[in-house]
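Chemist: 3D, please:
(one chain, ligands or ions: 1)
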Amino acid sequence: MLNIPSNLLNRLKNHRQDHILEGWDKLTAKERQEFADQLARIDFGELETLFSHRLEPEYVLPSRDRIQPIPVAAPDATPSERATGEEAFRRGEIAGLVVAGGQGSRLGFDKPKGMFPIGPVSGVSLFQIHAEKLLGLSRRYSKPIPFLVMTSPATDADTRAYFAEQRFFGLNPADVIFFQQGTMPAVCASTGRLLLEKPGQLFLSPNGHGGTLTALAESGVLKELRSRGIKHIYYFQVDNPLVKLCDPGFIGRHVGGKSEASSKVVFKEKPEEKVGVLAVLDGKCGIIEYTFLPKEMAGERQADGTLRYRAGNPAIHLFSVEFLERVTSAEGLPYHVAHKAVTHFDPISQVVVTPAGNPNALKFERFIFDALPLAERWLAVETSRDEEFSPVKNATGSDSPATSKAAQIALHTRWLARAGVSTHGHPLEISPLFALDEDELKAKIPKGLTIAGPTYLR
Ligand code: UD1
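Modeler: Okay, the predicted model is just below:
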């Protein structure tokens, strides 16, 4: 092998990863440079530690006496709590953050998931709905609300191009801040050796939405937010068009209670629902992911028939900037190991290897909710699924475009009905720029409005 910088070769040899350099001679000078840069960013010590723990159970639930159901505050905020939240908006202390590193592959959509058309009448995208909510709020409170968009290498270029093409949906481009989450290399499940996607390119995957925190700090965005006077970040997932963005009541309770991390909760009705569950673990707020919640715990019921562990996680959190600064200056969140089947390029035999279905690789991801137990003061607030949670995850069945569109129509139809107007069964969609909530709708309904067909109020 020619022209391999000796420090790179030695480093790889020391970590028994020099197999990756087979075929180096066939790369162009540019490809070699890019490959060397990729390798320079790998923390081999960390990978070795993760690999050495690969056979340990991925998650160990504390013993049952150390787990309690989480106390959940009722959904309605008091007028004074709402006023506190509104004051925070007026002082320009709030930013919204969407995690949008995922692609729409489960939906059969080959673009960033945020570009998926989800408006039931308008066909507008998830990104447009979220952006319009922030624009509506910034108009309401006469203050910019920075929109932080976390992308991944797979979604970054398309997402930026889409926002530009859509003229940032009316937002000031200076208030839309893109930052990219990090990646982790996938390794062979039996040897821990690095895998290649193609010659001269490591197999890298996004490091999970927990990567948001390190990415916020490393990209300088957290510092910029601090200099803009932002004190609280409203975190949500791109897949949920119903999210009540920057809900003043929720913000008021978070601010008034001096909470560092506050979370919305949707009550689970069925044990098998695929949402994580908030609980008190060793006296701290935490989330037991649905894949780790033992069946008997998931099915346990209280005297009134409700599930004992029912505080479902719609992935809506409010973090104080101070808390995020503290968390990101300490050791990073733990990695979770996923065993996956990965088609890769084998540098030794120089052929593409397609596994026969069994997982042949390990991928490493961080989860945002591993930050929750680090909060000294936290809060969980109930919200209603009908009003705030209808994610788009699957092409058909539950949590699909069909269920999510139906939930949007049902919500907007209820708002209009309470304002005294019937939709006569026609699909109705309300743009956040027309009304952000029921009260705004009531104030804005044109006199004599009749709904005679599918309607998009904008
Ligand atoms: C997630 C939560 C679950 C919660 C549910 C609510 C996890 C592990 N679990 O489950 O507790 O009840 O949502 O809908 O997250 N994303 C990135 N980068 C990544 C990985 C994901 O930006 O590296 C984003 C995706 O774009 C998406 C969101 O995170 O917006 C959720 O990811 P997804 O894999 O769909 O999570 P779920 O398994 O549905």
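
Chemist: Which residues are in contact with whichever residue of the stretch 201-350 of the chain sits closest to the ligand?
Modeler: In the stretch 201-350 of the chain, the residue that lies nearest the ligand is G276 (2.7 Å; Cβ to the nearest ligand atom). Heads up, the C-betas are built off the backbone N, CA and C, glycines and all. With contact set as Cβ atoms under 8 Å, 6 or more residues apart in numbering, G276 has these partners: I287, I288, E289, Y290, L293, G312, N313, F369.

Chemist: Unless I'm misreading it, the third one sits right up against F367, doesn't it?
Modeler: Yes: under the criterion of Cβ atoms under 8 Å, E289 makes contact with F367 at 7.1 Å.

Chemist: how about the residues of the stretch 51-200 of the chain near the ligand?
Modeler: For the stretch 51-200 of the chain, the contact set with the ligand under Cβ under 6 Å from any ligand atom comprises V99, A100, G101, G102, K113, M150, S152, Q181.

Chemist: closest to R41 among those?
Modeler: Q181 (13.9 Å; Cβ to Cβ).

Chemist: which element is E48 on?
Modeler: helix 44-52 (DSSP states H and E).

Chemist: Could you list the residues in contact with the next helix or strand after that helix?
Modeler: Using DSSP H and E, the helix or strand that follows helix 44-52 in sequence is strand 67-69. Strand 67-69 is contacted by residues L61, A279, V280, L281, I288, R308, Y309, R310, A311 when judged by Cβ under 8 Å, 6+ apart.

Chemist: in which helix or strand would I find K30?
Modeler: helix 29-40.

Chemist: still on that earlier bit, scan the residues of the stretch 51-200 of the chain next to the ligand and report the most crowded one.
Modeler: With neighbours taken as other Cβ atoms under 10 Å, the top of these is G101, carrying 30 neighbours.

Chemist: And the strands in the stretch 151-300 of the chain?
Modeler: 176-180, 183-185, 187-188, 196-198, 201-202, 204-206, 232-237, 261-267, 277-281, 284-288 (DSSP state E, counting those that start in this stretch).

Chemist: Check the stretch 301-450 of the chain too.
Modeler: So, for the stretch 301-450 of the chain - with DSSP E, counting those that start in this stretch - the strands run 311-312, 317-320, 336-340, 344-346, 351-353, 361-365, 378-382, 428-430.

Chemist: how about TSV for these, with mean neighbour count and distance to G208 added?
Modeler: Below are the strands of the stretch 301-450 of the chain laid out as TSV (neighbours: other Cβ atoms under 10 Å; distance: least, Cβ to Cβ, whole Å):
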stretch	mean neighbour count	distance to G208
strand 311-312	26	20
strand 317-320	24	15
strand 336-340	16	7
strand 344-346	18	20
strand 351-353	12	25
strand 361-365	22	3
strand 378-382	21	21
strand 428-430	25	33
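
Chemist: just to revisit the earlier point, and the contacts of strand 67-69, which of them are buried?
Modeler: A279, V280, L281, I288, R308, Y309, R310, A311 (16 or more other Cβ atoms under 10 Å).

Chemist: re the thing from before, G23: which of the strands of the stretch 301-450 of the chain is closest?
Modeler: strand 344-346 (8.8 Å).

Chemist: That closest one packs against which elements?
Modeler: Applying 3 or more Cβ pairs under 8 Å, 6 or more residues apart in numbering; DSSP states H and E, one finds that strand 344-346 contacts strand 196-198, strand 351-353.

Chemist: Can you add mean pLDDT and give those back as CSV?
Modeler: As requested, those are exported to CSV (pLDDT from 0 to 100):
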stretch, mean pLDDT
strand 196-198, 96
strand 351-353, 95
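
Chemist: how about the ones you listed in JSON lines, adding distance to A73?
Modeler: Output for those, formatted as JSON lines (distance: least, Cβ to Cβ, whole Å):
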{"stretch": "strand 196-198", "distance to A73": "46"}
{"stretch": "strand 351-353", "distance to A73": "52"}
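
Chemist: What residues does the stretch 351-458 of the chain have near the ligand?
Modeler: Counting by Cβ under 6 Å from any ligand atom, the stretch 351-458 of the chain sits next to the ligand at F367, P391, K393.

Chemist: Quick check: of those residues, which has the highest neighbour count?
Modeler: Neighbour max across these (other Cβ under 10 Å) = P391, 23 neighbours.

Chemist: Check whether it really touches A407, as I assumed.
Modeler: No: P391 is beyond contact range of A407, at 9.7 Å (criterion: Cβ under 8 Å).

Chemist: so who does R253 touch?
Modeler: A73, A77, E81, T84, G85, S259, S262, L379, V381.
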